[in-house]
Structure formats: structure tokens, C-alpha cells
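Q: what follows is a predicted protein model with its sequence.
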Amino acid sequence: MTNALADALRDIGRPQDRPRLAAFTALLLERGAQLNLTAARHPAAVAAHIADSLTLLRHIRDPFVDIGSGGGFPAIPLALASGYRVTLVEATLKKAQFLREVAVALDLPVTVIAERAEIAGRRPDLRDRFASATARAVASAPAVLELTLPFLAPNGMAVLPRGELGDAERRATADAALVLNGELSGEIELDGRRRILLVTKRGPTPSRFPRRAGVPEKRPLCFASAAARRGDVKRDGGRTAPL
Ligand code: SAH
């Protein structure tokens, strides 16, 4: 481990996980620019994403699924720290291939599905299967619910890191949860700018969800029209990573 890596990771995670967290950081920095995996270009920036990912650790259960994993946040740090079986759903093939490489290099029990969540969420081997689902910086909260809840077993929980949440998005999230047979069951504020939303699946996801590829993000359940009327949709639709 180089000094810069060791310094950046000094207070992050359990000591026994740091060699593998450092190996992940090195892979991400080496390949990140080329594959457009992350904007982070320095160990400290990657370390901040790792720390952010690990805020979800106490809320996830085995097995879990991560949607839109990109360069591996939050799934890879969570897989390392929990030892749980994790399935990563990532639509972009080159990112999915990078994630497979990471899993081999770190010897993690990870399955990578190179598919959109709208398609993967209809596969019988993936639907209604997981105890937890995560998704970070993928879409607005109502859209993310439509992409994650189909994967959960009844009583499973979506554990969603979010940035600031306007009133319209919070209301739409609670309403969208009900439409999807779930319930917004908790909101944990980490600091003014970061929170974790917990959404519990109460029963089977209605068979019409998820809708066709691209529709959950383009026309988020209970969100677009109401929010547009009030003029309070953030321009990036809430995609912004919470850092
Ligand atoms: N979760 C990572 C990456 C965020 S960028 C992080 O926090 O750093 C969003 C990622 O989600 C991209 O890699 C994109 O390819 C993927 N993505 C977006 N919509 C998706 C969908 N419907 N199904 C699967 N992956 C999706």
C-alpha cells in the first residue's frame, strides 16, 4: 500500500478490510479516467466515496443487490465490509466488466449483471429475491424505487443514500412507495446534505413495474407532474452524488 493510499484510508472501515479497500482504490484510480468510472482522481476523493458507502452498512442484510453500481459504490465497500453475497446490476458493459475484474482481484462473492434494472428486475431468478437493495446517484428517488423494489423479497428494504431532498421529492417518494407496494419506513439524516431513505417492501411489486427501459427516470412515479407544477424539480432530477 502506498503512503497516499494508507493515509487516505486510515480511519475508514475495519483495519482488516483496508488492504482490499486500498486495492480497490488503486484499481479505480488506474482505470477510472479511461472508463469514466468516477470523477475521483485522488486517493482522498475515493476514500470519501468509500466512507459514504459504508454509512449504509448497518442497514443492509444478506443477500443484497446494488443497482447502477458504476465504479462500485456503494456495493464494493459494502461487500468487503459485510461479507454478504451481492449482485450488481450495471447497464454499461465496460463498467460491468470492470466490476467483474474488481470481484476477482478482491476475491469477493459478487455477481455482476450487465443489464438495465428495468430488464433484470423482470428476471424470475432476480425478482423478489433480495433482503436489501441499494442504489446511489442513479436517478430521482421515486425512479430509484421503481428500479430497486422489484428485486426485494417481501419485507426486504431499499437502503438509499440521498443528498438534499425537497418536499416535492419526499412526498413523491412516499407516494411512489405505496404504488409499488412498499412504504417509506425511515429517513436517517447523516448531516444537512446527506440522508439515508429506508423503504420497506410490503408485498409483491405489481407486475406492470418496472416500466420499459428509460421510463422510470423520464416519468418518475408520482413526481414529474406534481413537481413540475410547483416548479421545484432540481435541474439534474436529484441525480447528484451525495458528496
Ligand atoms: N452508484 C455509482 C455510480 C453512479 S452513476 C456511484 O455512486 O458512484 C449511475 C450509474 O448507473 C451509471 O454507471 C449508469 O450506467 C447506471 N445506470 C443508470 N440507469 C440504470 C438502469 N436503469 N439500470 C442499470 N444501471 C443503470
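A: Thanks, I have the structure now.
Q: ignoring the adjacent residues along the chain, who's closest to the spatially most central residue of the chain?
A: Nearest residue to the geometric centre of the chain (CA atoms, centre = their mean): residue 135, 1.8 Å. Leaving aside its chain neighbours, residue 135 sits nearest to residue 67 (4.1 Å; criterion: CB to CB, 6 or more residues apart in numbering). C-beta here means a position set from N, CA and C on the backbone, and glycine is covered the same way.
Q: and the one you found, how many neighbours does it have?
A: Residue 67 has 27 neighbouring residues, counting by other CB atoms under 10 Å.
Q: beta partners for it?
A: Residue 67 has these beta-bridge partners by DSSP bridges: residue 89.
Q: tell me which residues touch it, please.
A: Under the criterion of CB atoms under 8 Å, 6 or more residues apart in numbering, the neighbours of residue 67 are 89, 117, 133-135, 138, 144, 147-148, 151.
Q: with residue 75 instead?
A: Per CB under 8 Å, 6+ apart, neighbours of residue 75: 53, 66, 69, 86, 88, 99, 110, 134.
Q: then residue 87?
A: With contact set as CB under 8 Å, 6+ apart, residue 87 has these partners: 63-66, 110-113, 126, 130.
Q: residue 110 pairs with what?
A: Under DSSP bridges, the beta-bridge partners of residue 110 are residue 86.
Q: when you check the ligand, which of the contacts of residue 75 turn up near it?
A: The residues of the contacts of residue 75 that also fall near the ligand, by CB under 6 Å from any ligand atom, are residue 69.
Q: among the contacts of residue 75, who's most crowded?
A: residue 66 (33 neighbours).
Q: residues contacting that residue?
A: Going by CB under 8 Å, 6+ apart, the list of residues near residue 66 reads 74-75, 78, 86-89, 133-136.
Q: so what touches the longest helix along the chain?
A: The longest helix of the chain (DSSP state H) is helix 18-35. For helix 18-35, the external contacting residues (CB under 8 Å, 6+ apart) are 1, 5-6, 8-9, 12-13, 37-38, 40-43, 46-47, 50, 71-72, 76-77, 80, 94-95, 98, 101-102, 105-106.
Q: so which elements touch the very next helix or strand once past that helix?
A: Downstream of helix 18-35, the first helix or strand assigned by DSSP states H and E is helix 43-54. Packing contacts for helix 43-54, counted by 3 or more CB pairs under 8 Å, 6 or more residues apart in numbering; DSSP states H and E, involve helix 3-8, helix 18-35, helix 75-82.
Q: picking up where we left off before, okay if I get the contacts of residue 75 as TSV plus pLDDT?
A: As requested, those are arranged in TSV below (pLDDT from 0 to 100):
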residue	pLDDT
53	97
66	98
69	97
86	98
88	98
99	97
110	96
134	98
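Q: what is the nearest of the contacts of residue 75 to the ligand?
A: Checking these against the ligand with CB to the nearest ligand atom, the nearest one is residue 69 at 5.5 Å.
Q: specify the local secondary structure of that closest one.
A: Taken by DSSP: H, G, I helix; E, B strand; the rest coil, the conformation at residue 69 corresponds to coil.
Q: quick one: the residue located most distally from the centre of the chain from the ligand, how far?
A: In the chain, the greatest distance from the average C-alpha position (CA atoms, centre = their mean) is reached by residue 3, at 29.6 Å. The gap separating residue 3 from the ligand is 25 Å, by CB to the nearest ligand atom, to the nearest Å.
Q: neighbour-wise, which one of the contacts of residue 87 leads?
A: residue 66 (33 neighbours).
Q: which non-adjacent residue is nearest that residue?
A: Nearest residue to residue 66, sequence neighbours excluded (CB to CB, 6+ apart): residue 75, at 3.6 Å.
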